[in-house]
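Novice: Sequence plus the predicted model coming up.
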Amino acid sequence: MDYEKLAQVMRKLALEAGDVIMEIYNSDDFEVKSKSDESPVTAADENADALISAGLRAAFPDVTLITEEQSDSHSEKASTFLIVDPLDGTKEFINRRGDFTVNIAYVEDGKPTRGVVYAPAKDRLFITDASGKSYEETAPFHKDTVGAMTPMSVTTPDNAALLVVASKSHRDQATDDYIGKYNVKDMKSAGSSLKFCLVATGEADLYPRVGRTMEWDTAAGHAVLLGAGGDVIRFDDHSPLTYGKADYANPFFIAYAPGVDLKKA
Ligand SMILES: Nc1ncnc2c1ncn2[C@@H]1O[C@H](COP(=O)(O)O)[C@@H](OP(=O)(O)O)[C@H]1O
Ligand SMILES: [Mg+2]
């Protein structure tokens, strides 16, 4: 893989997809359809997906591409692949809450080593460079010139006063019970893969996910968190969260800054 090219292509496609999404977000009205699994989808998901997948296929024709919006791609088997969620946090998008992201990741041997997470309504862009280190770029973003890049790093958690983040639209008792095992100073809720990025910037220490997600929801945020010194492990046995699993479905997981005194399920 040409990692310089990968970083450039991922960044540009994420920004272009963000423009497509924001045009629909800012329009007076948009249609919300229901997919076969009953989750919502809009023209923003579909148009952003078409743009990103065409761009990735043109730039990396030999790399397997898995994308949320193309169910044919979900039956491919691979351990090294590109994986895309063109609009994560569709519920946040529909409810005009701003916490939605464009996600592109590269998985190598089951590990997400590069990724971009772009939150166009929040003007935040998180990306790994060619070496896999994570940066937040300062807005405004220009497609052909890279702006100021601030290195991202997780914080040293205070186990007596933890900063926890959890899902806005998929929150339940099991999540609250697990969070109850920690000494929490501040609890935030956020939609989409932004939660990984909040751990990666040090705005949170811990993101437990006791609920279903798919690999395209997590791969890019996971890559950004790894590049900032954090980690993501399975909720059940604390082994690494790997990619290329059956149906691209994730088990429950915990994203965290090292130093958090992790509790068992
Ligand atoms: N029951 C379920 N089955 C599969 N995925 C689910 C799910 N409930 C939530 N998700 C995933 O969680 C994502 C939203 O995450 P969050 O709750 O952290 O904002 C959704 O992404 P999309 O919005 O891309 O569909 C969706 O893929
Ligand atoms: Mg998603």
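Specialist: Arrived safely, thanks for sending. Ligands and ions are numbered 1, 2, ... in the order given.
Novice: going forward, measure contacts between C-alpha atoms and count neighbours the same way
Specialist: Will do.
Novice: need the contact list for the residue located most distally from the centre of the chain.
Specialist: The C-alpha centroid of the chain is most remote from residue 160, which lies 27.9 Å away (C-alpha atoms, centre = their mean). Counting by C-alpha atoms under 8 Å, 6 or more residues apart in numbering, residue 160 touches 183, 184, 185.
Novice: Pull out the buried members of those.
Specialist: residue 184 (16 or more other C-alpha atoms under 10 Å).
Novice: how much space between residue 264 and ligand 1?
Specialist: 21 Å (C-alpha to the nearest ligand atom, to the nearest Å).
Novice: Name the SS class of that residue, please.
Specialist: Of the three states, residue 264 takes coil under DSSP: H, G, I helix; E, B strand; the rest coil.
Novice: ok, now residue 16?
Specialist: helix.
Novice: Pull the number of nearby residues for it.
Specialist: Using other C-alpha atoms under 10 Å, the number of residues around residue 16 comes to 16.
Novice: again, but for residue 229
Specialist: Neighbours of residue 229 using other C-alpha under 10 Å come to 19.
Novice: repeat for residue 27
Specialist: 8.
Novice: now do the one 4 residues further on
Specialist: Counted with other C-alpha under 10 Å, residues neighbouring residue 31 total 11.
Novice: Check the secondary structure at it for me.
Specialist: On the basis of three-state DSSP, residue 31 is classed as coil.
Novice: Same check on residue 186?
Specialist: Following three-state DSSP, residue 186 is assigned to strand.
Novice: May I have the residues that are in contact with it?
Specialist: In this structure, residue 186 makes contact with 161, 162, 163, 164, judged by C-alpha under 8 Å, 6+ apart.
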